[in-house]
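1. next comes the sequence, and after it the predicted model I'd like to discuss.
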Amino acid sequence: MKQDKILSLLSLATKAGRTKSGGFQTEQAVKTGTAFLVIVTEDASENTKKKFRNMCSFYEVPIYFYGDKDTLGHAMGKEFRTCTAVIDAGFADGLRKQLETKEKEIAYRR
């Protein structure tokens, strides 16, 4: 099985204390300007996706939809998570590059 670089990087950022997870903490990070990147799971409710899409658009924070609740939570050492904010510019840049590469691969397959 190929190791998922996105989840590995997210796990490393979490261990370094550079993420905020869960709806409330993610929202606070975006609104206070400490979030450099937000990830919401693809299996999140439409209301949650819309809420974070609009909030990130307003506060000009990049948002990506990736994985599912169990996988994201497992990568962060939690039971499950719907969303997370990366509060470190370096980790956010690395994750953004990996997420964009993954999106290009998916678009290429179609």
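-> Noted; the coordinates are in hand.
2. where do the strands sit along this protein?
-> Counting by DSSP state E, the chain has strands at residues 19-21, 37-40, 63-65, 83-86.
3. tell me which of the ones you listed sits most buried.
-> Each of the strands of the chain was scored by mean neighbour count; the highest is strand 83-86, a mean of 27, by mean count of other Cβ atoms under 10 Å. All C-beta spots, glycine's among them, are computed from the backbone N, C-alpha and C.
4. list the contacts of the residue most central in space within the chain.
-> For the chain, residue 39 is the residue whose C-alpha lies nearest the centre (Cα atoms, centre = their mean; 1.9 Å). Residue 39 is in contact with 10, 63-67, 72, 83-84, 86, 95, 99, counting by Cβ atoms under 8 Å, 6 or more residues apart in numbering.
5. before we move on, what about residue 65?
-> Contacts for residue 65 (Cβ under 8 Å, 6+ apart) come out as 39-42, 44, 49.
6. can we see that at 6 Å?
-> Each residue near residue 65 by Cβ atoms under 6 Å, 6 or more residues apart in numbering is listed here: 40, 42.
7. also residue 82?
-> 41, 44, 69 are the contacts of residue 82 under Cβ under 6 Å, 6+ apart.
8. among the residues you listed, who's most crowded?
-> Ranked by the number of neighbours (other Cβ atoms under 10 Å), the contacts of residue 82 place residue 41 first, at 22 neighbours.
9. am I right that that one is in contact with residue 71?
-> No: look at residue 41 against residue 71 with Cβ atoms under 6 Å: they stay out of range, at 7.9 Å.
10. may I ask which helix or strand of the chain has the lowest mean pLDDT?
-> Lowest on mean pLDDT, DSSP states H and E among the helices and strands of the chain sits helix 89-109, with a mean of 90.
11. buried residues in it?
-> Buried residues in helix 89-109, defined by neighbour count with 16 or more other Cβ atoms under 10 Å: 91-92, 94-95, 98-99.
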